[in-house]
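Participant: could you work out the structure for the sequence below:
(2 chains)
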2 protein chains.
Amino acid sequence: MAEVAIGIDVGGTGTKGGLVRPTGEILERIELPTELQAATKSILAVAEALVEKAGASQHTVMAAGIGAAGFIDHSSGSVTFSPNLVYDDRQIATAVGLRLGLPVTVDNDANAAAWGETMFGAARGASHVAVLTIGTGIGSGFVIEGRLLRGKTGAGAELGHMVIDPAGPPCPCGLRGCLEQFASGSAITRMAREVAAQDADTLMVELAGGADRIEGRHVAEAAARHDDAATKVLRRAGRSLAVGISNLVNLFDPEAVVLGGGVVQAGEPLLGVARDELVRMTTEQRRRPVRVTLAALGNDAGIVGAASLALDELTTKETR
Amino acid sequence: MAEVAIGIDVGGTGTKGGLVRPTGEILERIELPTELQAATKSILAVAEALVEKAGASQHTVMAAGIGAAGFIDHSSGSVTFSPNLVYDDRQIATAVGLRLGLPVTVDNDANAAAWGETMFGAARGASHVAVLTIGTGIGSGFVIEGRLLRGKTGAGAELGHMVIDPAGPPCPCGLRGCLEQFASGSAITRMAREVAAQDADTLMVELAGGADRIEGRHVAEAAARHDDAATKVLRRAGRSLAVGISNLVNLFDPEAVVLGGGVVQAGEPLLGVARDELVRMTTEQRRRPVRVTLAALGNDAGIVGAASLALDELTTKETR
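Facilitator: Presented below is the predicted three-dimensional model:
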């Protein structure tokens, strides 16, 4: 009976889970759609299915780790604020623990992914790591001296809502000029549509079938085919991303910055610009260059990270 | 023979030191001018004078802690980068340790001050604290889960060089639009001179005897006397300060933010605006309000913090 942990990653569309070895290897997987009005129910369903799979494959489940969207109070394993999902039971750790009879660790989903990349992914072996997940929004997780930055109430590590231009566009969070408004997938789409409304000749319009139908993938494809307008949009996003990274370097002084999420697939027209601009900034400041790498675990980072956090917690508690 | 620690704070003008009780009380003090081309020499002189004082007053010195301007590698106790001072011996811990025969801890000066305020000052009892020292520049120190944020190479916690407007004024650090260019003493002076060059009627010109002679104290005094131009300058600085605090709140989620340094003496025309704007921002974001307080230890924070760090290190090592 080999030992495994359950790792669960709760996102806006799906709740994914896996049975994870202490080495980070995922043995079994399951994914269910997240019930947007009852996310805890989705977590319980995935957790129970995984326990069943573990029984069938003769594995012993030691603990369950959950990475959940929202502000999470890690010590109680509960949700304190969640803008996009409704958790029918906010006391996630208690709910899952009672149902499965297992020790349960709950953390923010970006934290779990950051932990996964630090333990088993792109930043393996590093003790000071920043992980940015650039999708529709920008999520982030920070590892400092080998520990996750959680903040007092679980409301930290929100790099996406760092203001980099107080006169910038409004953000759904209520502020103006957040990094997310300049370098996320939704920002790239917004900027591309604005540009295309002025310049109907851009390939983006042709690819999308209209300026107001442009999505991130059209921007990436047009830029890959050297379309000027698309290139400019990604350059602008890349420069803003560099500002965000420079700011976190000035604050956290990490060994490695890991970039993940769908938007990094835009590749060099975005990332090359960000890297060059960051090198320029660190050189100006006479700082040591910081290693910037792409995430290695893809969509598995959250599952692997959550399981690893649960196992770590177990060890810490046992040795106390 | 009561036990004490030496605490030393190395600044651009003076090197201050004290014999500090484990309770944070300073028993004896000494201050010498810092030799700008030989700062380690100044540290050694202050340390030796304090050892002598300890002998005379029958106290046992257990350890020495040093808060030094620059990037500090805490693990080796050495200076890795120092823009404003020349350390004749960069291996500070080794130099002082050999001379005094004591365990020596070296940290960045802003870190030492942040630790002092957290242990014995305005943020006593809090485990997640941000301390901003707003003087000519903006220094910062962060305590996370009761530990100082040091970063991988000691080059972190530089809130002053967080870019909040990439199109903003150039900063001596090499970047543009750093927080320091909007909310520090030098920024206030710069903005006041710019405003006064356009508006010779401002009281600031009268107080200073010319637009280009305006200093921070003239701005503060004019604002206290309801001068419009001075009020506007401080309002602008206060709003930028709020952006800086909001950004650190989004990243670190602290319990308390402590503001110190000469500039806070401008009082309500600066701090009231910063507080109101921060409340507006946290309310927009539906965040819990964060406690913002003034530093309590004044210029002693660095000495007390450095001594406390040295004593803590002693305890940690003994129990290993």
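Participant: pull out the buried residues from stretch A:119-130.
Facilitator: Neighbour counts over stretch A:119-130 (16 or more other CB atoms under 10 Å in any protein chain shown) mark A:Met119, A:Phe120, A:Gly121, A:Ala122, A:Ala123, A:Ala126, A:His128, A:Val129, A:Ala130 as buried. Glycine gets a C-beta too; all of them are placed from N, C-alpha and C.
Participant: whoops, I mixed them up, stretch A:302-312
Facilitator: Neighbour-count burial for stretch A:302-312 flags A:Gly302, A:Ile303, A:Val304, A:Gly305, A:Ala306, A:Ala307, A:Ser308, A:Leu309, A:Ala310, A:Leu311, A:Asp312 (criterion: 16+ other CB under 10 Å).
Participant: any idea which of the buried residues of stretch A:119-130 is closest to B:Arg90?
Facilitator: A:His128 (22.0 Å; CB to CB).
Participant: next, count neighbours for the closest residue to chain B within the stretch 201-320 of chain A.
Facilitator: Proximity to chain B, evaluated over the stretch 201-320 of chain A using CB to the nearest CB, is greatest for A:Asp253 at 2.5 Å. Neighbour count of A:Asp253, defined by other CB atoms under 10 Å in any protein chain shown: 24.
Participant: what of A:Asp201?
Facilitator: Neighbourhood size, A:Asp201 [other CB under 10 Å]: 11.
Participant: now for the residue in the stretch 51-200 of chain A positioned nearest to chain B: which residues touch it?
Facilitator: Per CB to the nearest CB, A:Gly151 is where the stretch 51-200 of chain A lies closest to chain B, at 2.5 Å. Counting by CB atoms under 8 Å, 6 or more residues apart in numbering or on different chains, A:Gly151 makes contact with A:Ala157, B:His128, B:Ile144, B:Phe252, B:Asp253, B:Pro254.
Participant: pLDDT score for it?
Facilitator: pLDDT recorded at A:Gly151 is 94.
Participant: quick one: secondary structure of A:Ser75?
Facilitator: coil (DSSP: H, G, I helix; E, B strand; the rest coil).
Participant: show me the domain layout of chain A.
Facilitator: Following automatic domain parsing, one gets these domains for chain A: A:2-119+A:298-318, A:127-294.
Participant: now the buried residues of stretch A:119-130 as JSON lines including secondary structure and distance to B:Ala49?
Facilitator: Converted to JSON lines, those look like this (DSSP: H, G, I helix; E, B strand; the rest coil; distance: CB to CB, whole Å):
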{"residue": "A:Met119", "secondary structure": "helix", "distance to B:Ala49": "49"}
{"residue": "A:Phe120", "secondary structure": "helix", "distance to B:Ala49": "53"}
{"residue": "A:Gly121", "secondary structure": "coil", "distance to B:Ala49": "52"}
{"residue": "A:Ala122", "secondary structure": "coil", "distance to B:Ala49": "51"}
{"residue": "A:Ala123", "secondary structure": "coil", "distance to B:Ala49": "46"}
{"residue": "A:Ala126", "secondary structure": "coil", "distance to B:Ala49": "42"}
{"residue": "A:His128", "secondary structure": "coil", "distance to B:Ala49": "37"}
{"residue": "A:Val129", "secondary structure": "strand", "distance to B:Ala49": "43"}
{"residue": "A:Ala130", "secondary structure": "strand", "distance to B:Ala49": "43"}
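Participant: just to revisit the earlier point, and the contacts of A:Gly151, which is closest to B:Ser78?
Facilitator: Closest to B:Ser78, out of all of the contacts of A:Gly151 and judged by CB to CB, is B:Ile144, at 23.4 Å.
Participant: for the closest one, give me phi and psi.
Facilitator: Backbone dihedrals for B:Ile144, given as degrees, to the nearest 10, come out at phi -120, psi 120.
Participant: between the two ends of stretch A:76-89, how far is it?
Facilitator: 13 Å (CA to CA, to the nearest Å).
Participant: what does that stretch contact?
Facilitator: A:10, A:12, A:34, A:36-41, A:66, A:68-73, A:90-95, A:97, A:104-106, A:153-155, B:286.
Participant: and the helices in chain A?
Facilitator: Using DSSP state H, the helices of chain A run over residues A:39-56, A:92-100, A:109-120, A:180-183, A:185-198, A:203-208, A:216-224, A:228-252, A:268-284, A:301-318.
Participant: okay, the ones you listed, which one's buried deepest?
Facilitator: Across those, averaging neighbours per residue (mean count of other CB atoms under 10 Å in any protein chain shown) puts helix A:109-120 on top, at a mean of 29.
Participant: what angle do that helix and helix A:301-318 make?
Facilitator: Comparing the axes of helix A:109-120 and helix A:301-318 via axes from the mean of the first three to the mean of the last three CA atoms, to 10 degrees yields an angle of 80 degrees.
Participant: packing partners for helix A:109-120?
Facilitator: strand A:2-10, strand A:59-68, strand A:129-134, strand A:138-144, strand A:147-148, strand A:256-260, helix A:301-318 (3 or more CB pairs under 8 Å, 6 or more residues apart in numbering or on different chains; DSSP states H and E).
Participant: how about the residues of the stretch 151-300 of chain A that lie near chain B?
Facilitator: For the stretch 151-300 of chain A, the contact set with chain B under CB under 8 Å from any CB of the partner chain comprises A:151-159, A:161-167, A:173-175, A:239-240, A:243, A:246-248, A:250-255, A:281, A:283-288.
Participant: hmm, back to that, what subset of the contacts of stretch A:76-89 is buried?
Facilitator: Counted by 16+ other CB under 10 Å, these give A:10, A:34, A:39-41, A:66, A:68-73, A:90-93, A:95, A:97, A:104-106, A:153-155 as buried.
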